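Q: show me how the following folds:
(3 chains)
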Amino acid sequence: MSVQAGEQARGSQRKGVSLRFSQEGIVFLLTMLMFVGFSILLPNFLTSGNVIALMRSVSVLGMLALGMSLVVIGRGVDLTMVSTLVVGVVWAVKMANDGMPFGQALFYGGLLVAGFGMVVGLIVAFAEIPPIFTTLAMAPVIFGIGNPFLFKQDTHNAPQGVTWLNELGFGASFGIPNTILVFAAVALVMHLILRYTRFGRSIYAMGDNPAAARLSGLPVRPITVAQYMMTALVAYLVGIVILGSNSGINSRLAYTTLVYDVLLVVVLGGIGLSGGRGGVRNVIVGTLFVGTLLSGMTILNLSLTAQNFIKSLVMLLALIADTVANPRDEQTSQQGDI
Amino acid sequence: MSAADTLVQLRYRFLPDHVVGEVLSKRWTDNAIPFIALLLTLAVFGSVNPGMFTAFGMYDLAGQIAEFGLLAIALTLVMISGGIDLSIGSVFALCAMTVLTALNVYNLPLPVAVGITLGVGAVCGAINGVLIGYLRLRAFLTTLVTLVMFRSIYEMVLPKFATQIVLGMPDSVVWDELGFGSFLGLPYAFFLSALIALIWHVVLSRSRPGWHIAAVGGARRSAHNAGINVRLVVCLTYVFCGMMVAAAATLFAARLTSVGTDTGLGMEISVLTAVILGGTTLGGGRGSVAKALIGSVIVLILTNGLLQLGVIGTVSALILGVVLLLAVWLDVRWVKNRQKLIDSSYVSPAYIKLTESVNAAENPVYAVNDKLRDVQTIGLGEVEGPEDVAVDRAGNIYSGSRHGEIHRWLAPDFTRHEIFAHIGGGTFGMNFDKDDNLVVCVGGMGLYMVTPEREVVKLTDETSRSLTSVIDDSRIRLADDLDIAPDGRVFFSEASIRYTVHDWPVDMIESRGNGRIICYDPRDKSTKTVLKNRIFPNGIVCLPDGESLLFNETWACRICRYWYDGKKKGQVEIVLDGLPGYPDNINRASDGNYWVCLVGMRGPALDMMMTRPGLRRRMTRRIAPANWIYPNINTGCIIKISATGEVLESLWDKGGVNHPMVTSCKEHEGHLVIGGVSNNRVGRWKIPGADPTWSSPVDYWGAKQ
Amino acid sequence: MKLKHLMAGALALASVAGGVAAQQELSNASRDSYLSAVEGKRVVYIPMSMTTDLVLTWNAFLQRQADELGYTVDVRDPNWSAEAGARALTQAIGEKPDLIVLQNPDVQAYARLIQRATKAGIKIIQLNMESLTQSDAYVGADWYGVGHTAGEAIAARCSADGASSNKVAVVTGVPTAPVDLFQMSGFRAALEEAGGGIEIVSEQSAGYDPSKARAITSSVLQQNPDLCAVFGIWDGQDAGIGAAVKEAGMAEQVFVVSSGGGAQTSCDRVADGSFDMFIEYDARMQGQALNTLVASMLQSGREAGSEKIVYYGPNYVVTKDSLTPASCFTVDEDQ
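A: Residues are numbered from 1 along each chain as shown, chains lettered A, B, ... in the order given. Got it, this is the predicted structure:
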């Protein structure tokens, strides 16, 4: 089975015909299993309210994962996302609370965030430092620019009287919370960009083989910069959603391991870190997986520690299942692919 | 010689430009950027932070380096093998808790407690190792997940012991000393860690397991194909990583004697920063203990210094981030350009004024003829690059090959052949000794011997290191030709200490005198360099006087005589200068004279360039190696000379039909057996009027008893 | 040499003259000795991170008094890392300042280092979290009291007749953090004292992340639509609880209790109904108490560790009704 099935799986993953054996398929299967299991075992799991709450709770994670997937497909990674969103949004909120019109403050925040994305992109593209180090190093740099130079305190309330922000966080359209709708919209836009634009296809080409992409005349460097700017802006959007749904934002978010959770969602869904693979569907599968798991465990009233333990075990299982279904061998392994 | 010429000559004799390239090509220059960064950090923080160099400051710093350094080495191990371990922070916390629980809560004896702790580290490492090594999971994700897993185990267990850990007091003097004692003003932990670091340094840089780790990281596929158990090696690096983390955690526990909820949290980032700053590459193959330590010291001094200066935490994280970026950027540039820099600076031509060559008009002996055209070809297409040949007492012909094999062409018709021995390196000069062992110079490997039973024995592959040489000249890189003195000593030439078998012609561009003659004495198995700084010493033949030998200096176009014994011991005399070509090997003829093979002929352009080192240097810097001017080594000739340097005869293949390229020839029973380093055949030519019974081994060693 | 002597003499004369001049005015001996006792002394302040309202407020108080009285307060910011904090503390012990003001991240982390400092003769004031090792003084919130107050309020409300149910949810920060543990034990004790009857249906940790708190709370509300109250452990995180309750349209039904240092942001939450009750361990109060202790420690000649002072700041309850503009404070970010 092994090699052939692996080949098939890879092929089908691209064509989107079958989910069998691919990591995406395995994770999807696990998600379904958990969902059915929880539905049977937990009395209130399968209510429309809970399912919507489940979706709501992971939409932030999902949106961040969508942004992350953009760079991961292009064989990069962006660990600055959370720092970027925190600094951008907190600064904008602080300016707004100091008297600036909120729209204007958001615009400046967006400029700042795009600037951060551009710097990261420039470093990756021109200094040729591996993205993982660039972003690992840039995350504290960005946060260090934000705190103490742009703001000092960690807790910031959303400015009063901005109705659309309130709607974004608390409102619902057609019975579905706006946050989920934003997630859906971002997913759709991302899907269209990745599948149907020249930019999107270039990202795949770049992720698959950067050298070949460059030699065949793709503007690899500008695309890289654009990629990181887009990811930063997606992060900023997520930050605004967070601001809306909690009517405030806490800069401590930058100290959490949220960005690793995001990365795990992306990779669990089946977007390989070696780039060129996967799409929006993978992100959604990964998001649903994490969402179902978290929701079930919250209902079971497990402690955070136990939740973390179970989460890591299940993730490990998913990774092992993928490796068993798609074994990698010594001859085809890529150098430097960790 | 004009004054300008003299000036050029002096400049190239006394300005050692070749040292630049040699220093750059040393492995330790790989650490140049991190090391400079270390010095800068030391200078900056040492000056703004006077507390650092006080006794207490040093004590404190040394204690931290002890722990942090071990962690950096642990991560380095994994990273050299091409992986990464993000779970070290969690393993660290688990281990620190384990040792404290064992000591403070269960009052176990110290060795048991430490043993258990190392075991916990090894088990955590083994979990990673099996998943990544054997199941081939991706290291980054797997350890990211195990980071969460180990952490949650820690958080589940810690509350049960936390209070007891702090309240308990282990009754162990050693433990207290480990944490608070000092020796020479530095903590014991520092010396312990230094010892561990030293052991790892030796393992990684000078042992087979260490090389396996680097091989797996540098080229996993090749390592697999070369027979290394890749999965085991990868798995073991994680196990050792876990144990090193456990050791660091033990030192940490001894120093602070308590653990908190966030012990080890985010540690992977700072350790990774240190390792990367030191110059270890993500993706494997490059890294060392020195790099890990340099990186750790930089990170510690930076973080301590910024903390000390009262810099806000987020700002010091910012500064650390910028430093990491700068360091990685410089390192990326350095790695990318270092080889280019070496390539462009390594070749450093010297001044050499060759003696005017003698041409056929002056000496009719050199007149081109077609004598070699009727050479009998042996093994056409079956042998590649027989640089030298040998004939045994039974008349079988032996020839080397580029493939590292010695062929034996069976007498009398030489149509059948067999692989006499497989050595593995390009075989050059070969000769029989008294006991019919075939002694062979093997490029890149040294001096070997094949017994009549076909057993391959290494005689020597290194000589004493000379004090002034920057590059390590103890290793024999390019053993070229040999002869055996009547007393059994083997004299062999090493053509160049700066170039290997693959790029020996580049040595010609330099023509500095990079070669030497080495003597191997089978009586006490010693190897000594006897003559240094010769210009590509090549062929060697011992004279029957038992105290001198003739050797060819290829790029100097001359033949010299060297006395290794007797009254003139140590002296060198030029026997024949101004050869029209580049002499390769030299061997005995039946009439007491010597056959010399000229591998190629000189040309006036190149002769002129030899006096223009600057021109040659520009050539090597500015144009691709394929376009450099090299000596002609396609057409040469064989000449016969007397021991005093009189040229008696020359043999050519004018049209280049059969055997234009000669590097070596051996006379046997009225025939000359000819080898050529770029030929696909061995030649055999009947010498008109030669003694048909003369055999070199019989003549030199006497008839077999 | 001669010149030096001469100058020294001149200086001495000048100072005597100055002293005489001062004595001619109303002399205040104790004030002078107070000032001279603290002047030029050195305090090292090791908080957890210079980002929270509490830490910034303490710092503002410390710096202001130091400026006034002429001693120095050096900040060492470990940025949430107990490791870096331990390093800073070790370095500080080596520097031998007159006093160390220390915020413990938990009860164990610095326990042994505090012993070491005491042995080295350096006085330590601990802030807001007691270490297992006691030192010269402790200033901070009464965590048990905070939890107890919350428990009392919730028990009263949820066992009352109009309550939707007796179900209560708790959202903690990090389950192992002692702040959480103390609050929880106070909370539980209060519920016990109220005669039981209150059921804790969910006790989840949000890791100080408001988004997580929001997700947990909405999930709990789904499971228990008749939930009576939610108790959050820290105001920064509890914004998410308020948001979830608001979103579910249950602001009237569900009673949200939070606690914090009293930054204006929290009072705003009380005003907009996110928090129904806010228990404030006033950071300003703590700052003043801290300053008093610092001044007295610097003056006192007694040995380090010879006496142990503990000061728990009072807890205020802020509700929509008791809310005044002075209930909270704006953090002085310029300090």
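Q: from residue B:151, how far off is residue C:184?
A: For residue C:184, the distance to residue B:151 (Cβ to Cβ, to the nearest Å) stands at 21 Å. Quick note: C-beta positions are derived from backbone N, CA and C, even for glycine.
Q: could you do residue A:247 as well?
A: Applying Cβ to Cβ to residue A:247 and residue B:151 gives a distance of 31 Å.
Q: also residue A:259?
A: Taking Cβ to Cβ, one finds residue A:259 at 16 Å from residue B:151.
Q: swap in residue C:205?
A: Residue C:205 is 13 Å from residue B:151, by Cβ to Cβ.
Q: neighbour count winner among these two?
A: residue C:205 (26 against 23; other Cβ atoms under 10 Å in any protein chain shown).
Q: OK, contacts around the more buried one?
A: Contact analysis of residue C:205 by Cβ atoms under 8 Å, 6 or more residues apart in numbering or on different chains lists A:303-305, C:171-175, C:180.
Q: check residue B:366 too.
A: Per Cβ under 8 Å, 6+ apart, neighbours of residue B:366: B:358-360, B:580, B:639, B:647, B:650.
Q: try it again with 10 Å
A: Applying Cβ atoms under 10 Å, 6 or more residues apart in numbering or on different chains to residue B:366 gives the contacts B:357-360, B:579-581, B:598, B:601, B:637, B:639, B:647, B:649-650, B:652.
Q: with residue B:600 instead?
A: Counting by Cβ under 10 Å, 6+ apart, residue B:600 has contacts B:508, B:554, B:581-584, B:606, B:630-637, B:660-663.
Q: one more: residue B:494?
A: B:441, B:443, B:446-447, B:463, B:473, B:475-481, B:514-518, B:529, B:532, B:534, B:536-537.
Q: which positions in the stretch 151-300 of chain B make contact with chain C?
A: Counting by Cβ under 10 Å from any Cβ of the partner chain, the stretch 151-300 of chain B comes close to chain C at B:154-156, B:158-159, B:162-163, B:165-167, B:179-180, B:252, B:255-267, B:270, B:300.
Q: please redo it, this time with the cut-off set to 8 Å
A: B:155, B:158-159, B:162-163, B:165-167, B:256-267 (Cβ under 8 Å from any Cβ of the partner chain).
Q: mind giving me the packing neighbours of the helix or strand hosting residue B:152?
A: Element membership for residue B:152, per DSSP states H and E: helix B:139-167. Counting contacts by 3 or more Cβ pairs under 8 Å, 6 or more residues apart in numbering or on different chains; DSSP states H and E, helix B:139-167 packs against helix A:258-268, helix A:304-325, helix B:88-100, helix B:110-129.
Q: okay, those helices, which one's buried deepest?
A: Highest mean neighbour count of those: helix B:88-100, a mean of 29 (counted as mean count of other Cβ atoms under 10 Å in any protein chain shown).
Q: what's the most distant pair in the contacts of residue B:366?
A: Farthest apart among the contacts of residue B:366 by Cβ to Cβ are B:357 and B:649. That separation is 17.7 Å.
Q: doesn't residue B:528 lie inside a helix?
A: No - using DSSP: H, G, I helix; E, B strand; the rest coil, the secondary structure at residue B:528 is strand, not a helix.
Q: what about it, how many residues nearby?
A: 13.
Q: didn't it look like it was pressed against residue B:519?
A: Yes - with contact defined as Cβ atoms under 8 Å, residue B:528 reaches residue B:519; the gap is 5.2 Å.
Q: just give me the residue right at the centre of the chain.
A: Assuming you mean chain A. Centrality entry for chain A: nearest residue to the mean C-alpha point is residue A:65, 1.2 Å, by Cα atoms, centre = their mean.
Q: chain C, not that one
A: Taking Cα atoms, centre = their mean, chain C has its central residue at residue C:128, 4.3 Å away.
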